[in-house]
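**Student:** Let me see the structure of the following:
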Amino acid sequence: MGFKLLLVFNNRHFHSLLGNLVSAFLNVLSFAILVRLLSLSAFGEWVLFIGTYTVLDQIRTALLQSGIIKFYTGVDEKTGREVAGSAWYLVLILTGIYLLLNLIAGLILYNFFDETWRFFMRWLGVMMVVSVPFNVASWFLQAEHRFDKILQIRFWQNGGFLVLILVFHFFGTVTLPYVLVAYMTGLAATSGFTLLKGWTKVRTVVHSTKKQVIILVKYGWLIVGSMISSGFLNYSDNFLIRTMISPAAVAIYSIPQKFMEVIEIILRSFVATAQPTLSGAANRNEWPEVSRAFSRYTGVVSIVIIPFIIGMIVFTQPLIIILAGRAYLPATDVVRIFLLCAFLYPIDRFIGVALDMINRPLTNFYKNFIKLVLNIIGDIVFIRLFHDVRWVAFGSLLNMVFCVVIGYYMLKKYVPFTTGEIIRLGWAECLVMLEKVTGKLKLVK
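**Tutor:** Modelled structure (predicted):
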């Protein structure tokens, strides 16, 4: 019976979802602990620093992840080795560039940083180095649909950070430098784990070829622009809030971003399985299948997240108290505005994924660049007028509505779909998923 029960959940969708659940749970738990151990100002500084690291990591991921999924999946062994080796060659070159830029920035801007940021900048480059192996391993495992192994990677990364924070707290030494040491140690331990498991394919670097390097760069470069634009949305919010209001306001603004983790868990899980599906159909020139896959994934996620959003809107204040404490209740209105914005997350995300997978990353870049420019302009205008983070959130909502409309018509130029198809196929997929789960559970009995 136990074996049959395992079969119910033994599929890539569940492994992907479980990986995101574990990652998000440990992330939120670490967040809830740090937000209580650090002052508002110190926590705001940490949010901005980790956002800086995340943006740099996203650039590296954008250059290679989608290219690996597109050009590594389903190819012969020789080509696979060449793609893997070329990816390693590029990631080492890019990381070296990061180290050089980090050194230059640290020397030139040293006098402009306070002591906290001087410490951060000394270790930013090291963080980029130690995170390379597990990041590369994750990209190849996603291309191979090995989400069960990705689950282990996420557990090591987020679990290691959490354990070290608790250890430092036990000895009464939770300060910003110790938080950084804990985070960096978690990255290093995870990379060591993936190297020992042999998941990184680091030995294939000797098989890199100029042809595959050029292919990956040409494809990834446009996606880099798209992801930079997308990744800078929250970062630009945090940076402008810190600069024009205060670090404490950044801490308040970080609360709704954790609420969005609930939506992101579901969204990232389906995106991870949608990318190979959309890419495979596009590579075979099966455009009706691309349309069906896009509509199905967008529709099912849009339907699934509705009860979660409504529940969080109703119980916003109790959830804030559980997550961060009463000191963060001023974030209530900001959280609810973000939750309204979350209704549009699925269609916005899958429009971008579809454009990338049908080899239209430049179009996706334009969409995200427009979103970023409007977001920055809105932030500056609303902060100057109202000096209130609630208006920053409201500007993000308006921006999301506008850019979903733009993206909708951008994708329709290449993929025929309708809103009705999204709802119909999404609902049908929900029924199929429910039937599969209930049917397998009956077999368990």
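**Student:** use CA for all of it now, contacts and neighbours both
**Tutor:** OK.
**Student:** Is there a neighbour count for I358? I'd like the number.
**Tutor:** Look at I358: counted by other Cα atoms under 10 Å, it has 22 neighbours.
**Student:** Distance-wise, check it relative to S291.
**Tutor:** According to Cα to Cα, to the nearest Å, I358 stands 11 Å off from S291.
**Student:** what does G225 give?
**Tutor:** 25 Å.
**Student:** And for Y409?
**Tutor:** 14 Å.
**Student:** repeat for F239
**Tutor:** 38 Å.
**Student:** So G172: helix, strand or coil?
**Tutor:** With DSSP: H, G, I helix; E, B strand; the rest coil as the basis, G172 sits in coil.
**Student:** which phi and psi does it have?
**Tutor:** Main-chain dihedrals, G172, degrees, to the nearest 10: phi 70, psi 30.
**Student:** and it, how many neighbours?
**Tutor:** Residues contacting G172 under the criterion other Cα under 10 Å number 9.
**Student:** S279 touches R360, doesn't it?
**Tutor:** No. In this structure S279 lies outside contact range of R360 using Cα atoms under 8 Å: 11.4 Å.
**Student:** Who has more neighbours out of the two?
**Tutor:** Shown here are S279 and R360; by other Cα under 10 Å, S279 has more neighbours (24 against 18).
**Student:** got a pLDDT number for F3?
**Tutor:** Looking at F3, its pLDDT is 38.
**Student:** Please apply the same query to V444.
**Tutor:** In this model, V444 carries a pLDDT of 51.
**Student:** Can you tell me what sits against stretch 256-266?
**Tutor:** For stretch 256-266, the surrounding residues in contact (Cα atoms under 8 Å, 6 or more residues apart in numbering) are 17, 20-21, 24, 28, 301, 305, 308-309, 331, 334-336, 338-339, 342.
**Student:** Show me the one in these that has more neighbours than the rest.
**Tutor:** Neighbour max across these (other Cα under 10 Å) = V335, 28 neighbours.
**Student:** what helix or strand does that one sit in?
**Tutor:** In the assignment (DSSP states H and E), V335 maps to helix 332-342.
**Student:** I'd like the distance from T273 to L63, if you could.
**Tutor:** Using Cα to Cα, we find T273 at a distance of 19 Å from L63.
**Student:** and if you look at L99?
**Tutor:** L99 is 17 Å from L63, by Cα to Cα.
**Student:** ok, now A293?
**Tutor:** According to Cα to Cα, A293 and L63 sit 24 Å apart.
**Student:** Between the two, tell me which one has more neighbours.
**Tutor:** More neighbours surround L63 than the other of A293 and L63, with 25 against 21 (other Cα under 10 Å).
**Student:** Please verify my assumption that that one contacts I214.
**Tutor:** No. In this structure L63 lies outside contact range of I214 using Cα under 8 Å: 11.7 Å.
**Student:** tell me the centre residue of the protein?
**Tutor:** The centroid of the chain falls nearest to R268 when counting by Cα atoms, centre = their mean (7.3 Å).
**Student:** Phi first, then psi, for T200.
**Tutor:** Dihedral angles of T200 (phi, psi; degrees, to the nearest 10) stand at phi -80, psi -20.
**Student:** so what's S138 up against?
**Tutor:** S138 neighbours (Cα under 8 Å, 6+ apart): 150, 153.
**Student:** and the lengthiest helix in the chain, what's its mean pLDDT?
**Tutor:** Using DSSP state H to define each element, the chain has its longest helix at helix 247-283. Averaged across helix 247-283, pLDDT comes to 85.
**Student:** What residues sit buried inside the helix or strand following that helix?
**Tutor:** With elements assigned by DSSP H and E, the helix or strand that comes after helix 247-283 is helix 287-314. Using 16 or more other Cα atoms under 10 Å as the test for burial, helix 287-314 gives 287, 289-305, 309, 312-313.
**Student:** wait, isn't S236 in contact with I377?
**Tutor:** No. Contact status for S236 versus I377: not in contact, 10.3 Å apart, counting by Cα under 8 Å.
**Student:** Tell me which of the two has more neighbours.
**Tutor:** Each of S236 and I377 has its neighbours counted (other Cα under 10 Å); S236 has more, 19 against 11.
**Student:** what about the more buried one, which helix or strand?
**Tutor:** Using DSSP H and E, S236 maps to helix 210-244.
**Student:** Can you tell me which helices and strands that helix packs against?
**Tutor:** On a contact count with 3 or more Cα pairs under 8 Å, 6 or more residues apart in numbering; DSSP states H and E, helix 210-244 meets helix 40-72, helix 77-108, helix 247-283, helix 361-386.
**Student:** mind running it again at 10 Å?
**Tutor:** Packing partners of helix 210-244 (3 or more Cα pairs under 10 Å, 6 or more residues apart in numbering; DSSP states H and E): helix 40-72, helix 77-108, helix 247-283, helix 345-357, helix 361-386, helix 389-412.
**Student:** So which of those is nearest G172?
**Tutor:** Ranking the helices and strands packed on helix 210-244 by proximity to G172 (Cα to Cα) places helix 40-72 first, at 16.4 Å.
**Student:** list the buried ones in the closest one?
**Tutor:** If you call a residue buried by 16+ other Cα under 10 Å, then helix 40-72 has these buried ones: 40-49, 51-52, 54-72.
**Student:** which intervals of the chain have sub-threshold pLDDT?
**Tutor:** 1-17, 19, 74, 226-231, 437, 439-445 (pLDDT under 70).
**Student:** List the contacts of F308.
**Tutor:** 262-263, 339 (Cα atoms under 10 Å, 6 or more residues apart in numbering).
**Student:** What about the nearest residue to V392 once chain neighbours are set aside, how many residues nearby?
**Tutor:** With sequence-adjacent residues excluded and distances taken as Cα to Cα, 6 or more residues apart in numbering, V392 is closest to D379, at 5.4 Å. When counting by other Cα under 10 Å, one arrives at 26 neighbours for D379.
**Student:** Also L195?
**Tutor:** Considering only other Cα under 10 Å, L195 is surrounded by 16 other residues.
**Student:** Check the one 10 residues further on too.
**Tutor:** For V205, the tally of surrounding residues (other Cα under 10 Å) stands at 19.
**Student:** That one and I214: what is the separation?
**Tutor:** V205 is 15 Å from I214, by Cα to Cα.
**Student:** now L355
**Tutor:** Between L355 and I214 the computed distance is 21 Å (Cα to Cα).
**Student:** Those two: which is more packed in?
**Tutor:** L355 (23 against 13).
**Student:** Run through the residues that contact that one.
**Tutor:** 223, 278-279, 361-365, 407, 410-411, 414-415.
**Student:** again, but for T52
**Tutor:** T52 makes contacts with 46, 58, 124, 232, 235, 239, as judged by Cα under 10 Å, 6+ apart.
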